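> Please find the sequence and the predicted model below.
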Amino acid sequence: MKTQITIFKAGNPDLNARPMIQLTNIDKIYRTKTIETIALNKVNLEIERGEFVAVMGPSGCGKSTLLNIIGLLDSPTSGELSIGGQQLNSFNNKKLAAFRNFKLGFIFQSFHLINDLSVVDNVELPLLYREGVSGSERRKRALEALEKVGLRARTKHYPSQLSGGQRQRVAIARAIVGKPEIILADEPTGNLDSQMGEEVMNIMLNLNKTEGTTIVMVTHDEHMASKTKRIIRFFDGQQIN
Amino acid sequence: MLKNYIKLAVKVMMRKKYYTILSLLGVSFTIMIITVFTSFIDQIIGENSAEPNRTHTLILDKVTAYNKGKAESGGASIHFLKEHLKSLQSTELISFIAKNSYVSFQNQKPTGHMVVYADQNFWDITKFNFEEGRPFRAKEVENASRVVVINIKTKEHFFGDSDATGKELTIYGKHFKVIGVVGAAAPFSMAYGDMYFPLSLDANPNATMGSITGNYSAMLLARSSDLQEVRKELRSRMRLLNNKISGADSVKVYAFTPLEQFAKSSSYDDQEPEYGKTAIMIFVILLLFMLIPAISLINLNMSRIGERAEEIGVRKSFGATSSTLVGQFVVENVILTLAGGLLGLALAVYAANVLVEIINTFDPLFKMPSDTLAINWRVVGLSIFSCLIFGLLSGVYPAWKMSKLDPVFALKGGQNND
Ligand SMILES: Nc1ncnc2c1ncn2[C@@H]1O[C@H](COP(=O)(O)OP(=O)(O)O)[C@@H](O)[C@H]1O
Ligand SMILES: [Mg+2]
């Protein structure tokens, strides 16, 4: 673990000079016995450190697939991926898990909180998989993260006792508790009404502005997308702008 | 990490009550059966406060005399034992005992009593707890004094709550003075008796001079833990008798501890016990006991993978490796089975009492003491060990399966987020 922590440390000038996220000729093909789906087709994409980009496109065009590949949850069929300047093709599963833990934070459309855990336990979760973080340290950082999303008063609640907007804010707290450099959000406002969506969007904008967190957000909402600095449009597995 | 696993395990158990109750029932029933079974075996072979030397006390209870190709087996005669078991190097103490039974009537109701004739060494090889009085001494054995030591069950039968020491007990129309009261020995032990008399009071006709077989057994307290030494010495003693003893060309004696005797039940060698086979047999029996409930728990766990897919996906997204997830799910399962095991232990205490009562209704004459299947720490230890094995057996495979879930697929689990 110790060596990995040094590998992932930010501030290495060589690594910082390169784009935060770089996809080169990425293909993703799903093969079943009968059909072959090309989910991503020769995608070339660069996202700079500190950028907030929106990914848009019709349903089934490969947005989630793109996010899962950037999130190291899925591997491309071919092509090269580098994150934080690091080439990841040679990483084994254990290293990938540690990389996700240190570098990435996920926000999902349907929140994906663990219902058996209280709000604060949900938020602590990423720190569980980080060596050398004591229980009290975990708690402290989880409470700080909840403070940032305005849910300091709901720590002992369970997800089922919260509204959709509150749940998504808990999910954001969970995504930022480990201070990742990149947040990947797949339709974070898709299940929320416009007011709650607005709140969630503002938290992310603020995060990007104050902490410089790189954010990639998939959305169907033109209004939300317009608040970001760049919109990447997809159609049929290909970038079209 | 472990603390978090335990915390989560408890939460999951509380949340999924139906699943928890079902699993707990299965596990506790299994552990109950295993516990009663092991406490039964423990009574047969294990050391206890009355017999702390049991694992190195050999019981010589079989003699075979070969005469012109014919073999005659049985207990030993007291004469044979006294003559040929003198001053063995490998033993510290030897005691000769014979067992008999006696039926007393009270208000025309018969009660059976296990009668033991023993010498003074018997009380040194065993370490009975004397609730009252004392054992009989060498002088009393020599002089055939009319004294008797009774166990607590017999005391209650004849004297109720009052002290028995100094009182008279009339058996076979003769009067004996009660000099001591002891706790009950394990009922399947050679040392179990309701009444203990000095050996010299035994009017057994088999004690005639010259004959080899008879009613007697010997208890041999070995000097070292190498019990084969004792048997080697016995064999060399018996070789000296070849063609030298009247009534037989050669003689063989069999001396084993209860544990060895138990281990011999699956061995072919009649000279030495073979532990390996018995250990395997016991292990197989235990596994069989656990197999069916373990398989159903595996099934139950497998059927819950879908239910927990989302959680697995989330944990993997945030950096859990497959091995940490295996750890988490195995710990959860072990905690569940341990909880079931503790419940099973409690049930076993109750079940053991019921079992003794049932046995006693089948054999109303010789009643087992009610605390016969008392569950000691050794048995508790083994039950908890079985429980751990059970938890691992039923937990590892589903945990491994769960941990291998693809995170993207797991996050979609039931819900398509398009
Ligand atoms: N596991 C899979 N197996 C087969 N096809 C898949 C799988 N996941 C996604 N696809 C297909 O890949 C394409 C892109 O999917 P996705 O990235 O989820 O689209 P989006 O998020 O833009 O709606 C779709 O046609 C979808 O059906
Ligand atoms: Mg999608």
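Looks like it came in fine. Ligands and ions are numbered 1, 2, ... in the order given.

> and A:Ile240, how many residues sit next to it?
One way to gauge burial is a neighbour count; for A:Ile240, by other C-beta atoms under 10 Å in any protein chain shown, it gives 11. Heads up, the C-betas are built off the backbone N, CA and C, glycines and all.

> again with B:Lys127
12.

> got a pLDDT number for it?
Model confidence at B:Lys127, expressed as pLDDT, equals 95.

> before we move on, what about A:Phe99?
For A:Phe99, the predicted pLDDT is 95.

> mind checking the longest helix of the chain?
No chain was given, so I picked chain A. Secondary structure assigned by DSSP state H gives helix A:194-211 as the longest helix of chain A.

> was after chain B, sorry
In terms of residue count, the longest helix belonging to chain B (DSSP H) is helix B:322-362.

> anything in it near chain A?
Yes: counting by C-beta under 8 Å from any C-beta of the partner chain, contacts between helix B:322-362 and chain A involve B:322, B:324.

> The longest helix of chain A - contacts with which helices or strands?
Under the contact criterion of 3 or more C-beta pairs under 8 Å, 6 or more residues apart in numbering or on different chains; DSSP states H and E, the helices and strands touching helix A:194-211 comprise strand A:52-56, helix A:164-176, strand A:182-186, strand A:214-218.

> contacts for that helix?
Contacts made with helix A:194-211 from outside it, assessed by C-beta atoms under 8 Å, 6 or more residues apart in numbering or on different chains, are listed as A:50, A:52, A:148-150, A:163-165, A:168-169, A:172, A:176, A:179, A:183, A:185, A:188-189, A:192, A:213-215, A:217, A:221, A:224, A:227.

> Now list the buried members of the residues you listed.
When the contacts of helix A:194-211 are checked for burial by 16 or more other C-beta atoms under 10 Å in any protein chain shown, the buried set is A:52, A:148-149, A:164-165, A:168-169, A:172, A:176, A:183, A:185, A:188-189, A:192, A:213-215, A:217, A:221, A:224, A:227.

> returning to what we had before: so which bits of the longest helix of chain A are buried?
Of the residues in helix A:194-211, those with enough neighbours to count as buried (16+ other C-beta under 10 Å) are A:196-201, A:203-204, A:207-208.

> What of stretch B:221-232?
B:221-222, B:227, B:229-231.

> okay, now the closest residue to A:Asn101 other than its chain neighbours: neighbour count?
Taking C-beta to C-beta, 6 or more residues apart in numbering or on different chains as the measure, A:Asn101 lies nearest to B:Gly319, with 2.6 Å between them; neighbours along the chain are not counted. The burial count assigned to B:Gly319 is 23, neighbours taken as other C-beta under 10 Å.

> Can you tell me what sits against stretch B:71-84?
When contacts are taken as C-beta under 8 Å, 6+ apart, the neighbours of stretch B:71-84 outside the stretch itself are B:60-65, B:96, B:98, B:199, B:202, B:204, B:206-218, B:237-238, B:241, B:253.

> Tell me, please, the helix or strand in chain A that averages the lowest pLDDT.
Taking all helices and strands of chain A together, the one with the lowest average confidence (mean pLDDT, DSSP states H and E) is helix A:2-8, at a mean of 44.

> Flag the shaky bits of chain B, pLDDT-wise.
Flagging of chain B using pLDDT under 70 yields the residue ranges B:205-210, B:266-269, B:370, B:413-418.

> re the thing from before, let me know the closest of the buried residues of stretch B:221-232 to B:Ser323.
Compare each of these with B:Ser323 using C-beta to C-beta and the shortest gap goes to B:Leu227, at 45.6 Å.

> Identify each of the helices in the chain and give its residue range.
Answering for chain A, as no chain was given. Assignment of helices within chain A using DSSP H yields the ranges A:2-8, A:13-16, A:63-70, A:93-103, A:119-128, A:135-148, A:164-176, A:194-211, A:222-226.

> think we crossed wires, I meant chain B
All helices of chain B, identified by DSSP H, fall at B:2-15, B:17-45, B:78-84, B:122-125, B:138-142, B:152-159, B:227-240, B:258-264, B:275-303, B:309-317, B:322-362, B:377-403, B:407-412.

> what's the burial count for the residue of chain A found nearest chain B?
Going by C-beta to the nearest C-beta, chain B is nearest to A:Asn101 of chain A, at 2.6 Å. A:Asn101: 24 surrounding residues under other C-beta under 10 Å.

> I'd say it and A:Gly178 touch.
Yes: in this structure A:Asn101 lies within contact range of A:Gly178 using C-beta atoms under 8 Å: 6.5 Å.

> got any residues that touch both of those two?
With contacts taken as C-beta under 8 Å, 6+ apart, A:Asn101 and A:Gly178 have A:126, A:130, B:318 as neighbours in common.

> so which of the residues you listed comes closest to ligand 1?
Of all these, ligand 1 sits closest to B:Phe318, with 20.6 Å by C-beta to the nearest ligand atom.

> now the closest one, nearest residue through space, not along the chain?
Distance criterion C-beta to C-beta, 6+ apart; nearest residue to B:Phe318, sequence neighbours excluded, is A:Pro126 at 4.1 Å.

> give the contact list for the one you found.
With contacts taken as C-beta under 8 Å, 6+ apart, A:Pro126 has the following neighbours: A:101, A:105, A:174, A:177-178, B:318-319.

> Distance of A:Pro76 relative to B:Asp194?
The gap separating A:Pro76 from B:Asp194 is 83 Å, by C-beta to C-beta, to the nearest Å.

> Please apply the same query to B:Phe318.
In this structure, B:Phe318 lies at 69 Å from B:Asp194, with C-beta to C-beta as the measure.

> Spit out the contact partners of B:Leu300.
B:19, B:22-23.

> As CSV, those with distance to ligand 2 would be great.
Conversion of those to CSV gives the following (distance: C-beta to the ion, whole Å):
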residue, distance to ligand 2
B:Tyr19, 32
B:Leu22, 37
B:Ser23, 37
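
> Which of those residues are buried? Put it as a PyMOL command.
Only the buried members of those end up in this PyMOL selection, burial being decided by 16+ other C-beta under 10 Å:
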select buried, chain B and resi 19+23
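
> thinking again about what came up before, I'd like the helices and strands packed on helix A:194-211 written out as CSV, with mean pLDDT and distance to B:Lys155 added.
Written out in CSV, the entries for the helices and strands packed on helix A:194-211 read as follows (pLDDT from 0 to 100; distance: least, C-beta to C-beta, whole Å):
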stretch, mean pLDDT, distance to B:Lys155
strand A:52-56, 97, 89
helix A:164-176, 96, 70
strand A:182-186, 97, 80
strand A:214-218, 98, 85
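
> Dump the ones you listed into CSV; add distance to B:Ile285 as well.
Shown next, in CSV, are the helices and strands packed on helix A:194-211 (distance: least, C-beta to C-beta, whole Å):
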stretch, distance to B:Ile285
strand A:52-56, 62
helix A:164-176, 49
strand A:182-186, 54
strand A:214-218, 58
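
> Out of those, which gets nearest to B:Ala352?
Across the helices and strands packed on helix A:194-211, the minimum distance to B:Ala352, taken as C-beta to C-beta, is reached by helix A:164-176, at 50.5 Å.

> Mind checking if the closest one is in reach of chain B?
Yes: where contact is defined by C-beta under 8 Å from any C-beta, part of helix A:164-176 touches chain B, namely A:Arg174.

> Mind giving me the packing neighbours of that helix?
For helix A:164-176, the packing partners by 3+ C-beta pairs under 8 Å, 6+ apart come out as strand A:104-108, helix A:119-128, helix A:135-148, strand A:182-186, helix A:194-211.

> got JSON lines for these, with distance to B:Ile150 too?
Compiled in JSON lines, these are given as follows (distance: least, C-beta to C-beta, whole Å):
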{"stretch": "strand A:104-108", "distance to B:Ile150": "77"}
{"stretch": "helix A:119-128", "distance to B:Ile150": "63"}
{"stretch": "helix A:135-148", "distance to B:Ile150": "61"}
{"stretch": "strand A:182-186", "distance to B:Ile150": "82"}
{"stretch": "helix A:194-211", "distance to B:Ile150": "84"}
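
> Sounds good, over and out.
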